[in-house]
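A.B. asks: Sequence plus the predicted model coming up.
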Amino acid sequence: MGEEFGRTAYLVLLLVAVGGFLLVELRARPGKTLRQAAAWGLIFMGALALAGLWEDIRNTVSPQARMLEGGRVEVPLGNDGHFHLTAEVNGIPVRFVIDTGATTIALGPRDAGRVGIDPDSLGYVGQARTANGIIETAPVTLDSVTLGEIHDSRVPAMVLRSDLDQSLMGMSYLSRFARVSIEGNRLILER
């Protein structure tokens with residue numbers, strides 16, 4: 001109760017200070033004051049928009065995988081120290097973290113729903129050991145996984161019953177490539 005009163009008192013004092021300043025300035029120079037208030041309002045709204053969209057901007061600006069001729073894929077190291085790759089699963093783009101510690105493709109519940117799998121209707125009969133503990137898994141078969149000109153059908157995967165926002169591309173899919181190597185800051189996949 002006391003903390004809430006303190007916040008309210010602070011906001012009222014701030015409103016009185018800013019409001020009083022604006023009233024004094026509006027009486028002295030109304031045109032200039034309104035322009036400055038509008039400019040600061042736009043700056044504030046821009047900062048809020050940037051904060052809200054930061055994750056999307058970071059994902060867009062971060063280095064993207066390059067699909068080269070002959071089934072070669074070059075994946076640059078991401079800003080977070082992981083290799084990220086976007087593949088189409090059942091025709092829907094899904095952003096994966098390349099995880100050589102994962103046995104198979106592991107979809108988070110949100111990505112599973114996006115590609116047409118209802119996570120709530122699955123039978124979670126397996127378990128996976130993760131950095132956050134043991135989580136339940138449900139086996140699924142993906143109709144298709146497409147990476148540039150590389151297309152695979154009927155790909156085994158699992159859906160994780162967790163709060164994981166990221167999907168993982170594990171070894172069962174990576175083993176479909178003839179070559180998987182790390183060269184400097186690039187992961188190379190070749191068919």
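C.D. replies: Ah, there it is. Numbering: from 1, shown residues only.
A.B. asks: tell me what the helix or strand where L142 lies is packed against?
C.D. replies: Using DSSP states H and E, L142 maps to strand 133-147. Helices and strands touching strand 133-147, as assessed by 3 or more Cβ pairs under 8 Å, 6 or more residues apart in numbering; DSSP states H and E, comprise strand 84-89, strand 105-107, strand 126-130, strand 150-161. For every residue, glycine as well, the C-beta is placed using N, CA and C.
A.B. asks: one more time with 6 Å, if that's ok
C.D. replies: strand 84-89, strand 126-130, strand 150-161 (3 or more Cβ pairs under 6 Å, 6 or more residues apart in numbering; DSSP states H and E).
A.B. asks: which of these is buried the deepest?
C.D. replies: Comparing those on average neighbours per residue, with mean count of other Cβ atoms under 10 Å, the densest one is strand 84-89 at a mean of 20.
A.B. asks: Using JSON lines, lay out the helices and strands packed on strand 133-147 together with distance to T8 and mean pLDDT.
C.D. replies: Converted to JSON lines, the helices and strands packed on strand 133-147 look like this (distance: least, Cβ to Cβ, whole Å; pLDDT from 0 to 100):
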{"stretch": "strand 84-89", "distance to T8": "44", "mean pLDDT": "92"}
{"stretch": "strand 126-130", "distance to T8": "43", "mean pLDDT": "84"}
{"stretch": "strand 150-161", "distance to T8": "42", "mean pLDDT": "93"}
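A.B. asks: Minimum distance to R72: which of those strands has it?
C.D. replies: R72 lies closest to strand 150-161 among those, at 9.6 Å (Cβ to Cβ).
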